[in-house]
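Asks: Need a 3D model of the following:
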Amino acid sequence: MEFLVPSETSTESLDVVLIGAGIMSATLGTLINELEPSWSIGLFENLGSAGEESSSPWNNAGTGHSALCELNYTPAKADGSVDPAKAVGINEQYQISRQFFSWAVENKRAGAPETFIHSLPHMSFVIGENHSKYLKTRYEALKPNALFQELEITEDLATINEWTPLVAAGRDESQKVAASRVVSGTDVDFGRLTKDLTASLAAKGASVNFGHKVVGLKREGAGWLVTVRDNATKAKRTIKAKFVFVGAGGGALPLLQQSGIDEIKGFGGFPVSGQFLRCTDESINAQHHAKVYGQASVGAPPMSVPHLDTRFVDGKRSLLFGPYAGFSMNFLKSTGQLDLPLSLRPHNIIPMLAVAKDNMSLTTYLIKEVLKSRAKKDEALTEYYPLADGSKWELITAGQRVQVIKKDKKKGGVLQFGTEVITSSDGTISGLLGASPGASTATPIMIGLLSRCFPKQFGGWEAKLKEIIPSYGVKLNENAALLAEVTAATNKSLKLG
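Replies: Just a heads-up that it's a prediction; the model follows:
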């Protein structure tokens, strides 16, 4: 399939410009194209293809984040209790994404489901008496909810061995352990899905431009002038756009700053890099069929929660462990070390200094991680896989994440580990900052963006959104019958067991 690329000397006026070819832009573009097929769309990506940065399967967890196993979404309170609200909310969001995936497959917007999504149990695994007690409390808080009705728990090593042999084999039987599991979790190759959605956009008439970097973003009247440089020829052209979405991952912050909108003032970014160990022995990979999440170290960011993951990439099963956090001043893997200093502005220096002062434990953690030897990395692996042989694992670089720093009246600034949608007051430009849970919640995030940026049109779109998302407007956790119906329908179209 050939993508439509305007000539270098052409002048264009577009209804929508999407910056960055990740899962966010691909999802938003697909929704807009379906809701308003007459609107012209242009997508501009600095790299040579879609889904190569944060959406790449080697740069994210691919977990299909639904809070089934991620313990950081259900932290213990001071009194030891667990509030299930955040986990339930994230699961609700992922159910919307699942329905979008299903619709995309049925409407030829995505390829065969087995190329990007697989059934895979989601597990939590903890070590020690206190952590086992916490896991039980978490189980008791989540189990009554319809979205977590399949949740199981055990402290029996033999049962854990049935669930995930690599975690149990060779483990000291006197060690106190506990595990919980939901069999109906998923592994998602967001890179593959992003490529499919982007190709579909091109086939539907969108102008999809790879190797094109947005180097200018300036308001003009009720819209925007977007200056784009062709990386191959160095030629520049300017596009007039009525609406701009900045879905450039870590590159979103500098572009939003360049736009000059008031809403970005006070925001900064703290980059966190990472590495994974990837198993190269297929006989070992075949023994593990789960995503096993543990608990983050004290001071560690949520993206550094250790997990032993089965992954499916390009039809091949792999096994990853990590991530090991690191620090780099670049905001994307493909950019340079000046990203962080160049993002400093008079309006965000105080929030960033306040965060640096209040997060010394994070700084200490990152320093320790950067200095951690390969032997220490292998030692961390054996906590989850006691019989691991480090020689059968290779170290790979994971994706770059930029955690959100925002102004706070009381503290001066706070570090936030979720996602933040920044939208101008007139709704003509919007962008996404942050990381977790990221790709897994792209659909509800983009629907929320549409309601904020296009309030006049949104009411007329809701009937179509209901076709795409059958549960639209309903909380599935509060409607068990609809949950069962939607789950059965999406499992069938996505070929999930």
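
Asks: neighbours around the nearest residue to residue 318 once chain neighbours are set aside, how many?
Replies: Take residue 318 and drop its neighbours on the chain: the residue closest to it by Cβ to Cβ, 6 or more residues apart in numbering is residue 311, 4.5 Å away. For the C-beta atoms, the positions are set from N, CA and C on the backbone; glycine is no exception. Close neighbours of residue 311, defined as other Cβ atoms under 10 Å, add up to 23.

Asks: What residues does residue 311 make contact with?
Replies: 57, 62, 187, 189, 317, 318, 319, 320 (Cβ atoms under 8 Å, 6 or more residues apart in numbering).

Asks: Out of the residues you listed, the closest to residue 477 would be?
Replies: Ranked by distance to residue 477 (Cβ to Cβ), the contacts of residue 311 are led by residue 187 at 23.0 Å.

Asks: Pull out the buried positions in stretch 122-131.
Replies: For stretch 122-131, the buried set under the neighbour-count rule, 16 or more other Cβ atoms under 10 Å, comprises 122, 123, 124, 125, 126, 127, 131.

Asks: Could you look up the SS state of the fifth one?
Replies: In terms of secondary structure, residue 126 is strand; the call rests on DSSP: H, G, I helix; E, B strand; the rest coil.

Asks: Please name the bridge partners of it.
Replies: Beta-bridge partners for residue 126, by DSSP bridges, are residue 178.

Asks: which SSE is residue 311 in?
Replies: Taking DSSP states H and E as the criterion, residue 311 maps to strand 307-313.

Asks: Paired strands for that strand, with orientation please.
Replies: Partners of strand 307-313 in its sheet, by DSSP bridges: strand 291-293 (antiparallel), strand 316-326 (antiparallel).

Asks: Nearest to residue 491, out of these?
Replies: Smallest distance to residue 491 across the strands paired with strand 307-313 (Cβ to Cβ): 18.1 Å, for strand 291-293.

Asks: contact partners of the closest one?
Replies: Contacts with strand 291-293, where a contact means Cβ under 8 Å, 6+ apart, come from 61, 63, 69-71, 120-125, 164, 167, 179, 185, 187, 305-310, 384.

Asks: Over to stretch 222-233?
Replies: With contact meaning Cβ under 8 Å, 6+ apart, stretch 222-233 is reached by 8, 17, 19, 44, 46, 209, 211-219, 235-244, 259, 426, 428-429.

Asks: Report the contact partners of the residue located most distally from the centre of the chain.
Replies: Distance from the centre of the chain peaks at residue 174, with 37.4 Å (Cα atoms, centre = their mean). Residues near residue 174 by Cβ under 8 Å, 6+ apart: none.

Asks: Equivalent analysis for residue 331, please.
Replies: Contacts of residue 331 by Cβ under 8 Å, 6+ apart are 249, 250, 251, 253, 254, 269, 271, 339, 340, 343, 400, 402.

Asks: That one belongs to a helix, doesn't it?
Replies: No: counting by three-state DSSP, residue 331 is not part of a helix but coil.

Asks: Next up, phi/psi of it, please.
Replies: Residue 331 adopts backbone torsions of phi -90, psi -20, taken as degrees, to the nearest 10.

Asks: Now do the same for it: its pLDDT.
Replies: On the pLDDT scale, residue 331 is placed at 75.

Asks: Please apply the same query to residue 360.
Replies: Residue 360 is assigned 72 on the pLDDT scale.

Asks: related to what we said a few turns ago, quick one: which of the contacts of residue 331 is nearest to residue 368?
Replies: residue 271 (17.4 Å).

Asks: what about the closest one, is that helix, strand or coil?
Replies: strand.

Asks: Quick check: which element contains the closest residue in space to it that isn't next to it in sequence?
Replies: Nearest residue to residue 271, sequence neighbours excluded (Cβ to Cβ, 6+ apart): residue 402, at 5.1 Å. Secondary structure assignment for residue 402, by DSSP H and E: strand 401-408.

Asks: Return the distance of that strand from the chain's centre.
Replies: 16 Å (Cα atoms, centre = their mean, to the nearest Å).

Asks: what comes into contact with it?
Replies: So strand 401-408 is in contact with 54, 249-250, 253, 265-274, 301, 303, 331, 347-348, 350-352, 354-355, 413-420, 433-435, going by Cβ under 8 Å, 6+ apart.

Asks: Which pLDDT value goes with residue 437?
Replies: On the pLDDT scale, residue 437 is placed at 69.

Asks: can you check residue 10 too?
Replies: pLDDT, residue 10: 49.

Asks: now do residue 418
Replies: You'll see residue 418 listed with a pLDDT of 75.

Asks: what sits against the closest residue to it other than its chain neighbours?
Replies: Once flanking residues are discounted, residue 418 sits nearest to residue 434: 5.7 Å by Cβ to Cβ, 6+ apart. Residue 434 is in contact with 402, 403, 404, 416, 417, 418, 419, 420, counting by Cβ under 8 Å, 6+ apart.
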